[in-house]
Every structure is written in C-alpha cells, then in structure tokens.
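S.K.: Sequence plus predicted model, see below.
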Amino acid sequence: MNTRRLLHILPVLALAGLGGPGAAAQSVTLTASHPNVVSFWNDVANRTVLAQIPTATTPEEQRPSFVHDPATVHLAIYDAVVAIEGRYRPYAVRPIAPAAGASTEAAIGAAAHGVLRALFPNRGEVYLPAYDQRMATIPDGAAKAMGVALGAEVAAGIVRLRTNDGRTVALQPYASGTAPGQFRAANPNPIFRHFPAIRPFAVNSLDQFRAPPPPALASAAYAVAFNEVRVLGGAVSTTRTAEQLEIARFHTEPPPSFVTRNFSRLAASTPDVAEAARLMAMVTVSFADAVGTCFETKYDYATWRPQTAIPMAADDGNDATQADMAWAPALPTPNHPEYPAAHSCTSGALGQALRHALGTPDVTFSLDSRITGTTRSYAGADAFNQENRMARIAGGMHFQFSAIAGEEIGQRVADWVATHHFGRQ
C-alpha cells in the first residue's frame, strides 16, 4: 500500500505569488484575507444546505448533503466564471449565452442562486435576500443582464447533470454482522449509508479507488494496530497524555459545521475570482468523491470498531490480542463501519486537491474547532497528517491501518480529479 505523506490543508490561505504551471514550488502561508463573490456565495450555500426547514419537497431537501450540494453550487460558479474569463477548461457546461462583456459577479450570483433555487426551493429565506442584496450592488445595464443570463444557463445545465443523483435510495434497517470482525451498529440506522448510492462528480464509479482489504484478524499487522488503540484510545489510559486527548477532542466536531466553516476560509483566499472559483470546485469535488469512495469501501467491508473488537478479542483468532470486557473508547464512536477512517479520506482528498491547485506542498496553515474552542496551527502537511492519525487512535475510534488506507483513497481521488478536470485551456 502506498503510505506516502499527504498535504492536509483545511483552512485559511493566500494564493498571491504562486505563479502558474511549471513555476517552482515555494513556501506559502495560508490566510483568508480576500473576501470575494465566490466566498460570499460559498457562505450562502453552506447556510442553505445546513438550514433546518420543516418543508422538504425535493430529494436535496429531504436528504441534504454538506458533501455534495456545495460541490454542485461551486461547479456552476466555476463554469460560469470560465465561460467569461477563460483560463481554465469548463467542467461540463459551455453556455450559448454571450460571454463577452458579461459581468462575472452577476454570472456567479445567478449560477449559485439558480442551483440553490432548484435544489432547495423551500429554503429561499436563506438565499433569496442574499441574492437580492448582492445583485443590487451591481450596476444595471447590459453587462449585468448578460451575466445573469449566462449564470442562469449554467445553473440549469449543472442541475440537469445532477438530477436523480441517487440520494433517494430506500434504506432498510441495517442488519449488523455477528461474526468476528464484522461491524455492529449502534442502532438499525448507521449514518451516511446512502452516500455510496450518490453518483460521483468525477471518478468513474465509487469503487474505482476502493481500498484493499484490511489486515486479516489473525495477522501481526492487525495485532499491532489493535494493541496500539487498546492502550492509547481507551476511556482509561495510563499512556495517553492530556494533550493527546485534547487533540482527539479537537477533531470530533461534527463534519457539517467543521468542514463548511473551514472551507469558507479557502474561498476567501485570493482576490482573483477565477482562481477562487477553480480552487473551490476542485476541493469540493475531490472531497465529495473521496467521501463517496470512503463510504462505499466502509459498507463493502463492514468491519468492526475498536469498541467491539477489544471486548471480543477472544474470538478473533489472534494470540497477540487480549480481550478487555471493560474497555470503552475515550470519545464517542461514529455509527458507521471502521475501515477506512473517514476523517483520513477527507483530509487526504483536501490536502492533495490543494496541492494540485496551489502547486506546492510547502504550507503553513491553521484549523479551528468549536468542540475545544481553539485554533491549531501546523508547520507543514506532515504535521497535520500525523496529528490526524493520532487523534483517531487516541480517541479510540480507529486502527492506524484505517487512517493510512483513508489517506490513500483521498489522495488518489484528488489526483484523478486534477488529471481530468479544471486544467488550463
């Protein structure tokens, strides 16, 4: 298995001075210092997706996805921008509406609004005031009208492309396994089971980059990982430090709020709107397809979590593991199968997508968490990579081989996305 280090960047960044393709890699300090029209609509889209509205008439309203729905919005923004400004190849839609002289800001607004209105017609109280207020700042005239027409056409094209994306799949109550190594769900409805049914944006299929099988229960590799999490990740541990537990807590903020908030910083990373649009499209598409791949792998293998494996170790056929009936994880375990680690799938995808977008792995960046109310900074991707692995182990949620497999999934998906989309014209 490829265990190469990944670039992991979720946070604030500045793109100025990066240069174009072929430019020598250079050190970059990431700061969110350039709010722009892309970051504005990114925030509106995130608020719309996460809004709690009782009426739900579309598949997206019935099963909103903080993973897929922002990506749909950003693809419309991206195709609208490149139709006017060029520079990069469109993702899918080449509008017939005139582009020369069209307002880029109006096109972005119309593209984002068009997608949100189609996906979330009953959440207009979130995005309609934002649309009216932002569009009112653009002078009336031919440029604005042309931008609106172009953006609306792009939005319609992207929405058609994503219609019936698979999220409406009917889910029956989950039947947990009973044999050693099989996942035991905390209830009949483990989370994100529908993700493997949602059509990907870029990869050919969600099993294209499925991880290889995890180590066999009787293997030495399984025993090493088992004993690591047993010692370090239990509710009672004599080896875990207070700092390690705090780091584990830092990384347990629910993904919808953690991801959308930190992604917002990416959108505000550059005053160049075309670069911001490309960055967000590349990151969100890589993220969505990595998550889909990750959960396709998870539910295909359906392996047990440490909270099941350690108390039941007497049944695993491995003489190097020891059952501890009183063992419990230090932090709550998410209700979905263990292998691979979803946090690692996403961090791998995000880091690799940013590496492709920015042209350098040499970054300094920060993340914040509402669980701990703190911000952590990382001097390079390897530092965050190591911390992310340790956090999942110290929290008692994952084996290390799952983190490694997840990183590789994310990395391979992001490589595919960058190879097949968002390149220069």
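M.R.: Looks like it came in fine.

S.K.: could you pull out the strands for this structure?
M.R.: Taking DSSP state E as the criterion, the chain carries its strands at 28-29, 363-369, 374-379.

S.K.: Out of those, the one nearest residue 56 is which?
M.R.: Proximity to residue 56, assessed across the strands of the chain by CB to CB, is greatest for strand 363-369 (29.8 Å). Every C-beta, even on glycine, is put in place using the N, C-alpha and C of the backbone.

S.K.: Now do that closest one: which elements does it pack against?
M.R.: The criterion is 3 or more CB pairs under 8 Å, 6 or more residues apart in numbering; DSSP states H and E, and the helices and strands that strand 363-369 contacts are strand 28-29, helix 242-250, helix 255-267, strand 374-379, helix 381-394.

S.K.: hang on, the earlier thing: highest average neighbour count across the strands of the chain?
M.R.: Neighbour counts (mean count of other CB atoms under 10 Å) averaged over each of these peak at strand 363-369, with a mean of 21.

S.K.: and that one with helix 381-394, angle?
M.R.: Here strand 363-369 runs at 30 degrees with respect to helix 381-394, directions being taken by axes from the mean of the first three to the mean of the last three CA atoms, to 10 degrees.

S.K.: Which residues are in contact with residue 304?
M.R.: The neighbours of residue 304, taking CB atoms under 8 Å, 6 or more residues apart in numbering as the test, are 177, 180-184, 312, 337-338.

S.K.: Let me see the contact set for residue 420.
M.R.: residue 202.

S.K.: how much space between it and residue 83?
M.R.: In this structure, residue 420 and residue 83 are 19 Å apart, going by CB to CB, to the nearest Å.

S.K.: and what of residue 345?
M.R.: If you go by CB to CB, the gap between residue 345 and residue 83 works out to 32 Å.

S.K.: what's the answer for residue 281, then?
M.R.: From residue 281 across to residue 83, the span is 13 Å (CB to CB).

S.K.: neighbour-wise, which of those two wins?
M.R.: Legend: neighbour count by other CB atoms under 10 Å for residue 281 and residue 83, higher for residue 281 (29 against 24).

S.K.: What about the nearest residue to that one once chain neighbours are set aside, how many residues nearby?
M.R.: Spatial nearest neighbour of residue 281, chain neighbours left out: residue 78 (3.9 Å); criterion: CB to CB, 6 or more residues apart in numbering. If you count neighbours by other CB under 10 Å, residue 78 ends up with 32.

S.K.: Check residue 274 too.
M.R.: Residues contacting residue 274 under the criterion other CB under 10 Å number 18.

S.K.: isn't it right up against residue 87?
M.R.: Yes. Counting by CB atoms under 8 Å, residue 274 sits close enough to residue 87 to count as a contact (5.5 Å).

S.K.: And the residue nearest to residue 113 when sequence neighbours are not counted, what's its pLDDT?
M.R.: Taking CB to CB, 6+ apart, and ignoring the residues beside it in sequence, residue 113 has residue 131 as its nearest neighbour in space, at 4.6 Å. Looking at residue 131, its pLDDT reads 98.

S.K.: please begin residue numbering at 20 from this point
M.R.: From this message on, residue numbering opens at 20, which makes the last subject residue 150.

S.K.: re earlier: and the residue nearest to residue 300, how far is that from residue 132?
M.R.: 15 Å.

S.K.: check contacts around the residue nearest in space to the middle of the chain.
M.R.: Within the chain, the residue whose C-alpha comes closest to the C-alpha centroid is residue 306; the distance, by CA atoms, centre = their mean, is 3.5 Å. By CB under 8 Å, 6+ apart, the contact set of residue 306 is 86, 90, 278, 365, 368-369, 372.

S.K.: rerun at 7 Å
M.R.: Contact analysis of residue 306 by CB atoms under 7 Å, 6 or more residues apart in numbering lists 86, 365, 368-369.

S.K.: got it, and residue 311?
M.R.: Taking CB under 7 Å, 6+ apart as the contact definition, residue 311 lies against 214-215, 217, 219, 225.

S.K.: 6 Å instead?
M.R.: Taking CB atoms under 6 Å, 6 or more residues apart in numbering as the contact definition, residue 311 lies against 214, 217, 219, 225.

S.K.: quick one: which two of those residues are the most distant?
M.R.: Spanning the widest gap among those are 214 and 219, at 10.3 Å by CB to CB.

S.K.: just the helices in the protein please.
M.R.: According to DSSP state H, the chain carries its helices in the segments 56-69, 78-81, 87-104, 123-138, 143-155, 161-181, 239-251, 261-269, 274-286, 292-320, 325-328, 361-377, 400-413, 419-439.

S.K.: can you pull the buried residues of the second one?
M.R.: Using 16 or more other CB atoms under 10 Å as the burial criterion, the residues of helix 78-81 that qualify are 78-80.
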